[in-house]
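A.B. asks: no FASTA, just this:
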């Protein structure tokens, strides 16, 4: 893990582009990640009056998702640099080398899983917004709701006083069509 952090120091010293980009995005991402849940909540509550608030919340979440994907090459590169340094310095040999590779690989996979999870959440929120907008629009465009009476055999007996014609007859425990 210390070698991985040294990999970040090397990235910084050599001006690694993705690290620079990630560093420049931190103020925006910090703001977005701090307030995104509140903006989404207000957007859902005020969706009928101010639907743009929910869209702003989704854009804020999209920024945090983008940040997750920009972080991937930074972390993978730091692990690659760490492995190279450990090998070149002779610190890891034999089994220790494969253990170091395994530890750094799975540490990097946590960032991959986080990015995929963030993307899946973004798609789910976008789909929920689209569904909510369609439902809301159809409810607003619909006329007043008038209940439609439901007729079942019991209600037709009450209305007409006659039993409905049976469509099925039970004979000897079997369900058969009526005999004509």
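C.D. replies: Thanks, I have the structure now. Given the structure is predicted, the values throughout are model-derived calculations rather than measurements.

A.B. asks: distance between the ends of stretch 10-22?
C.D. replies: 15 Å (CA to CA, to the nearest Å).

A.B. asks: where does residue 90 land in three-state SS?
C.D. replies: Under the three-state scheme (DSSP: H, G, I helix; E, B strand; the rest coil), residue 90 adopts coil.

A.B. asks: next one, pLDDT for the closest residue to residue 121 other than its chain neighbours please.
C.D. replies: Residue nearest to residue 121 in three dimensions, not counting chain neighbours: residue 61, with 7.2 Å by CB to CB, 6 or more residues apart in numbering. No exception for glycine: its C-beta is placed from N, CA and C like everyone else's. As predicted, residue 61 sits at a pLDDT of 89.

A.B. asks: mind listing what residue 46 touches?
C.D. replies: residue 53 (CB atoms under 8 Å, 6 or more residues apart in numbering).

A.B. asks: how close does the most centrally placed residue in the chain get to residue 18?
C.D. replies: The centre of the chain sits closest to residue 121, judged by CA atoms, centre = their mean, with a distance of 1.4 Å. As judged by CB to CB, to the nearest Å, residue 121 and residue 18 stand 23 Å apart.

A.B. asks: before we move on, what about residue 49?
C.D. replies: From residue 49 over to residue 18 (counting by CB to CB), the distance is 41 Å.

A.B. asks: okay, those two: which has more neighbours?
C.D. replies: Ranked by neighbour count (other CB atoms under 10 Å), residue 49 and residue 18 place residue 18 first, with 16 against 7.

A.B. asks: now do the contacts for the more buried one.
C.D. replies: 70, 73-74, 77.

A.B. asks: report the separation between it and residue 31.
C.D. replies: 21 Å.

A.B. asks: wait, doesn't residue 58 sit right on residue 129?
C.D. replies: Yes: Residue 58 lies in contact with residue 129 (CB atoms under 8 Å); the separation is 6.1 Å.

A.B. asks: since we're on residue 10, how many residues are nearby?
C.D. replies: So residue 10, with other CB under 10 Å, has 16 neighbours.

A.B. asks: swap that for residue 112, please
C.D. replies: Residue 112 has 15 nearby residues by other CB under 10 Å.

A.B. asks: whichever strand or helix holds it - what's its average pLDDT?
C.D. replies: Element membership of residue 112 [criterion: DSSP states H and E] is helix 95-141. Summarised as a single mean, pLDDT over helix 95-141 is 78.

A.B. asks: avg pLDDT for the strand or helix carrying residue 9?
C.D. replies: When elements are assigned from DSSP H and E, residue 9 belongs to helix 2-14. The average pLDDT for helix 2-14 rounds to 90.
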